[in-house]
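K.L.:
Below are the sequence and a predicted model; questions follow.
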Amino acid sequence: MNKTQFDAILDVLHTVLPFTAPADVCLSRYFKDHPKLGARDRAEIAETVFGLLRHLPRLKWACGDKAGVIDWMVAYWAAVEKRNLKELTAIFDARRMEQAKAYKAVRWDEAPLAVRAALPQWTVDAMLADGFDEAAVLETGRAMLQSAPLDLRANTLKMKREPVQTELAAQGIESVPTPFSPWGLRVTGKPGLSRLTLFKEGAFEVQDEGSQLLALLTGARRGQMIADFCAGAGGKTLAIGAMMQSSGSLYAFDISEKRLSNLKPRLARSGLSNVRPQLIASENDTKIKRLAGKMDAVLVDAPCSGLGTLRRNPDLKYRQSAQSVVELNAKQASILASASRLVKQGGRLVYATCSFLPSENRKIVDAFLAGHPEFQLVDVRELLAKDKVELALDGECMQLSPMQHGTDGFFAAVMQRT
Ligand SMILES: C[S@@+](CC[C@H](N)C(=O)[O-])C[C@H]1O[C@@H](n2cnc3c(N)ncnc32)[C@H](O)[C@@H]1O
């Protein structure tokens, strides 16, 4: 740790901590504005900012009410990272060094549950209200403190998984097949991938294994009509398009013009020609009504709290609240009901989120099924077994977690129109 890195971390934290913009956006902007920072400085800055965000509830507890950003940084290095304090003498005065020594002796086991789980109180309250016990809160909170692996999805329209792995190895990038997704590779370390010709030519996309499994659950096949209702920048659209081998029609709906425009370069790389991006005003847009009853499968990757991605986006736990989850719940129910109208007789409806809160997941599905007896829940375990995916799951729906599956915390329920 040197003074340049320390000052940069402090600057970035001052822009991130009001939580008015995503931390990764603030960080990218900072690096763009400071092009002279070297790769090692950037890595140290990013790791410390994200580490501090992950552990913030603990740091606030350890430092007390009157503390500020520098106190949290001292506590982070001393009590969480347990750095050799000598490393910090170039930056901190004697008073701060005394503080650092005191933080080193913090007893986390004496802290309240939310602090031990490194989650804000509202998240813990929501989890307890949703049926989590204390052990599950702790296990989930702690699992979300790890950094996430780097997963790729081979674009089988262009190249199968094994040759992608071989080509990457030839470039010095090691990877292993992901345990569940038939298209996934888990890369060692965090090498830059966007400069590779293999990437530019569309042989792979970066995509968490859990996200790949959501696409798999649509059961998309050649020649079908499929809708990705909340397509965003198209992570799952691209996977579904490859399953369809670029045949049939794949509608990519979203209300965000910006996100859909981010899909365009990815689509160009992918080689897919069956995707129809469609900007809609809301889930009740007339474009939806015209396609009612026509789709073989509809994926609803609903807007959600994103709590299942805390390994990648630790600031989300401060940017969401009990109130925002309630608002999301109403949106999720409305989107699911509207999207369901697209599904044809015998067709499949997949409801998914990247959250671990049952209020955003199973409760939305149960309420939908209660009001739509023409849909039946399908056991995800049977579908996955047919695809030869051996995944330990507790029920008919898929709830993935970093601790059990090594993926982000995705949820999916599959329903069929009878
Ligand atoms: C979880 S993100 C989708 C991520 C995307 N499927 C992917 O794999 O990259 C949820 C998306 O829902 C979109 N959305 C929000 N409200 C919507 C609505 N009423 N109808 C359709 N999409 C909506 C958001 O713009 C956002 O892109």
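P.N.:
Arrived safely.

K.L.:
Tell me who's in contact with Asp41.
P.N.:
Thr4, Gln5, Ala8 (Cβ atoms under 8 Å, 6 or more residues apart in numbering). Where C-beta positions appear, they are placed from N, C-alpha and C, glycine not excepted.

K.L.:
for the helix or strand harbouring it, what is the average pLDDT?
P.N.:
Assigned by DSSP states H and E, Asp41 falls within helix 39-63. Average pLDDT, helix 39-63: 95.

K.L.:
try stretch 75-83
P.N.:
Here the average pLDDT along stretch 75-83 is 92.

K.L.:
Now that stretch - C-alpha only, CSV.
P.N.:
Extracted C-alpha coordinates of stretch 75-83, given in CSV (Å, rounded to 0.1, in the frame of the first residue of the first chain):
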residue,chain,number,x,y,z
ALA,A,75,-10.2,-1.1,10.4
TYR,A,76,-10.5,-2.9,7.1
TRP,A,77,-6.8,-3.4,6.7
ALA,A,78,-6.2,-4.2,10.4
ALA,A,79,-9.2,-6.2,11.4
VAL,A,80,-10.5,-7.8,8.1
GLU,A,81,-7.4,-8.2,6.0
LYS,A,82,-5.2,-8.6,9.0
ARG,A,83,-2.3,-6.8,7.2
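
K.L.:
Name the residues of it that come out as buried.
P.N.:
Ala75, Tyr76, Trp77, Ala78, Ala79, Val80 (16 or more other Cβ atoms under 10 Å).

K.L.:
Now do the strands in the stretch 151-300 of the chain.
P.N.:
175-177, 184-187, 204-206, 225-228, 249-254, 275-279, 295-301 (DSSP state E, counting those that start in this stretch).

K.L.:
Tell me the residues of the stretch 201-350 of the chain that contact the ligand?
P.N.:
211, 229-236, 253-256, 259, 280, 282-283, 301, 303, 335 (Cβ under 6 Å from any ligand atom).

K.L.:
domains for the chain, by residue range?
P.N.:
Domains of the chain are assigned by automatic domain parsing as 3-111, 209-417.

K.L.:
Which one of those lies nearest to Ser147?
P.N.:
Ser147 lies closest, by Cβ to Cβ, to one member of the domains of the chain: domain 209-417, at 6.1 Å.

K.L.:
Can you tell me the SS state at Ala367?
P.N.:
Under the three-state scheme (DSSP: H, G, I helix; E, B strand; the rest coil), Ala367 adopts helix.

K.L.:
Pull up the gap between it and Leu217, please.
P.N.:
Separation of Ala367 from Leu217 (Cβ to Cβ, to the nearest Å) stands at 20 Å.
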